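Enquirer: got a predicted model here, sequence first, then my questions.
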Amino acid sequence: MSEHKTSDRSQVAVPKKVLIVAYYWPPAGGPGVQRWVHFVKHLPAYGIEPIVYVPENASYPIEDYSLLEAVSSEIKVVRQPISEPYKWVSWLFKKQTKRMSQGLLNEKNSSFIERLLRAVRGNFFIPDARVSWVKPSIAFLESYMTVHGIDTVITSGPPHSMHLIGLGLKQKGSIKWLADFRDPWTSIGYHKALYLLPFAKKRHQALEAQVLRSADKIITTSPSTAQEFAAITQKPISVITNGYEAAAPILESVATAIKDQMKGFSMLHIGSLLAGRNPSILWVCLSELIKENKVFKATFSLHFVGLVSDVVKEHLHFHGLSENCVFHGYKPHSQARAFQKEGQLLLLLEIDSPQHKGIIPGKLFEYMASESPILAVGPKAWDVNPIISESAAGAVFEYTDKAALKGYILKVFMTFNNGEETPKPQGIEAYHRKALTEKLANIIQLWA
């Protein structure tokens, strides 16, 4: 009997250990944490044991303790202290550093101090303000990986200093390194707001090229970013988008309150809505519909869950939409999902510039899972277009498509007003986090 048991155990594959280096981890809130929390959740089902390396005392602009529930107690999380300039500067410039950490870089009312802090951040902390964590992390992880028999590292950025940790480990030993880019690096739109001097621009470009040419494999979240990187490196690049998970349950009383707030024809935006994403064309369309259609005016409401720029609020007021707006502020992720389910039309907005055509917001996939129609406004040739088109999840418009945009809103409203159901999106299972994790696991297992 004992021999038979020993034989069975010998046939069980030993999980492959993979070290994941990330900055954002619960209790961090916002979109940056979602991707790897769920990859880590599903990787063990594919014979991979993730060990997560994150800062012990990170300065997160948004915290969401409900996300801790998504992390299994069986997942090994290794933490090491990080020294961040935001902490020692914030006691002098608390308001300004908070606005910077929230992404309020292009606001027209930015103060001189904010602009100065941006210039310091852009030119003296390259590639980002977490760069001081790189050297101590390399020193710690070099020993840790040897002791624990780990030969594969995945780095997730931004912040792109996480990739410099992978670069340092690659230079010091024989490891396999996969660099995961949730956003582009040097082509990202906010670089323009950092007042980069020529030496800083060259340094960013040099580090980007070094990372892309040194990593064994690269993952991006969009085809456009993959194409951009392919012009810099010959290393294999895979596209694994963000995705969705089943919504976490919330208290019945909270769900009822959300449903009551979303009665009527409700349009909803989830997440930060900053000045650059301010779709004036949309506000014009809504203003005209309110004036032209009494039924629309009587039932329409515009909801925002998350940070909303003062510039956006000013535009809403200018177009006579203030009375229709409800600003809910930041909500835990589970509640944000409940809002999506109740919205009649979900807004997906991106900056109108070629640099942003490769940005596919993570909330797109949760929007799709909610089965409410999506209204997307973004740049020409946006990578979101084929996803929404192929799944029949809604419609995408450029910032110049006023007539078509207004017509679509009216069409969805008439469907709602007539008590008809909107068509459900198709084929969204391909974007479930487990299906995406299987793609990731297949890439990792090629090294096993």
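Expert: Structure received. Numbers count the residues shown, from 1 in each chain.
Enquirer: Glu245 versus the closest residue to Ala230 other than its chain neighbours, what's the distance?
Expert: Leaving out its chain neighbours, the residue that sits closest to Ala230 by C-beta to C-beta, 6 or more residues apart in numbering is Ile237, at 5.9 Å. C-beta coordinates here come from the backbone N, C-alpha and C atoms, glycine included. Per C-beta to C-beta, to the nearest Å, Ile237 is found 25 Å from Glu245.
Enquirer: re earlier: quick check: phi and psi on the residue nearest to Ala230?
Expert: phi -120, psi 130 (degrees, to the nearest 10).
Enquirer: is it true that it touches Ile218?
Expert: Yes - judged on C-beta atoms under 8 Å, Ile237 makes contact with Ile218 at a distance of 4.6 Å.
Enquirer: those two: who's more crowded?
Expert: Neighbour count, other C-beta atoms under 10 Å: between Ile237 and Ile218, Ile218 has more, with 25 against 21.
Enquirer: now do the strand or helix carrying that one: everything it contacts.
Expert: In this structure, Ile218 sits in strand 217-220 according to DSSP states H and E. Here strand 217-220 makes contact (C-beta atoms under 8 Å, 6 or more residues apart in numbering) with 177-181, 212, 226, 229, 233, 235-240, 358, 440, 443.
Enquirer: try 6 Å this time
Expert: Strand 217-220 is contacted from outside by Leu178, Ala179, Asp180, Phe181, Ala226, Lys235, Pro236, Ile237, Ser238, Val239, Ile240, using C-beta atoms under 6 Å, 6 or more residues apart in numbering.
Enquirer: quickly list the domain ranges of this structure.
Expert: What automatic domain parsing lists as the domains of the chain is 11-243+433-445, 252-429.
Enquirer: now the ones you listed in CSV, with mean pLDDT?
Expert: Below are the domains of the chain laid out as CSV (pLDDT from 0 to 100):
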stretch, mean pLDDT
domain 11-243+433-445, 88
domain 252-429, 95
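Enquirer: what sits against the residue lying closest to Val131 once chain neighbours are set aside?
Expert: Using C-beta to C-beta, 6+ apart and skipping the chain neighbours, the partner closest in space to Val131 is Ser161 (4.6 Å). Contact analysis of Ser161 by C-beta under 6 Å, 6+ apart lists Pro127, Asp128, Arg130, Val131, Val134.
Enquirer: quick one, phi/psi of Ser161?
Expert: Residue torsions, per degrees, to the nearest 10, at Ser161 are phi -60, psi -20.
Enquirer: state the distance from it to Ala129.
Expert: With C-beta to C-beta as the criterion, Ser161 and Ala129 are 8 Å apart.
Enquirer: residues of the lengthiest strand in the chain that come out buried?
Expert: Across the chain, the strand with the greatest residue count (assigned by DSSP state E) is strand 48-55. Buried positions in strand 48-55, judged by neighbour count with 16 or more other C-beta atoms under 10 Å: Ile48, Pro50, Ile51, Val52, Tyr53, Val54, Pro55.
Enquirer: need the residues you listed in JSON lines (columns: distance to Phe365).
Expert: Putting the buried residues of strand 48-55 into JSON lines (distance: C-beta to C-beta, whole Å) gives the following:
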{"residue": "Ile48", "distance to Phe365": "22"}
{"residue": "Pro50", "distance to Phe365": "21"}
{"residue": "Ile51", "distance to Phe365": "26"}
{"residue": "Val52", "distance to Phe365": "22"}
{"residue": "Tyr53", "distance to Phe365": "26"}
{"residue": "Val54", "distance to Phe365": "24"}
{"residue": "Pro55", "distance to Phe365": "27"}
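Enquirer: can you map out the helices along the stretch 201-350 of the chain?
Expert: Here the stretch 201-350 of the chain has its helices, by DSSP state H, counting those that start in this stretch, at 223-230, 252-261, 280-292, 294-299, 310-318, 333-342.
Enquirer: what sits against the residue nearest to Ala230?
Expert: Residues in contact with Ile237 (C-beta under 6 Å, 6+ apart) are Ile218, Ala226, Phe229, Ala230.
Enquirer: quick one, helices of the stretch 1-150 of the chain?
Expert: Using DSSP H, counting those that start in this stretch, helices in the stretch 1-150 of the chain cover 2-10, 34-42, 85-90, 94-101, 112-124, 134-148.
Enquirer: how far off strand 48-55 does the second one point, in degrees?
Expert: Taking axes from the mean of the first three to the mean of the last three C-alpha atoms, to 10 degrees, one finds that helix 34-42 is oriented at 140 degrees with respect to strand 48-55.
Enquirer: put the alpha carbons of helix 34-42 into PDB.
Expert: Output of helix 34-42 as PDB, limited to C-alpha atoms (Å, rounded to 0.1, in the frame of the first residue of the first chain):
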ATOM      1  CA  GLN A  34      -6.600  44.300 -10.600                       C
ATOM      2  CA  ARG A  35      -4.600  42.500 -13.300                       C
ATOM      3  CA  TRP A  36      -2.100  40.700 -11.100                       C
ATOM      4  CA  VAL A  37      -4.400  40.000  -8.200                       C
ATOM      5  CA  HIS A  38      -6.500  37.900 -10.500                       C
ATOM      6  CA  PHE A  39      -3.600  36.300 -12.400                       C
ATOM      7  CA  VAL A  40      -2.100  35.200  -9.100                       C
ATOM      8  CA  LYS A  41      -5.500  33.800  -8.000                       C
ATOM      9  CA  HIS A  42      -5.800  31.500 -11.100                       C
END
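Enquirer: how much space between Phe296 and Asp260?
Expert: 21 Å.
Enquirer: looking at those two, which one has more neighbours?
Expert: Phe296 (18 against 9).
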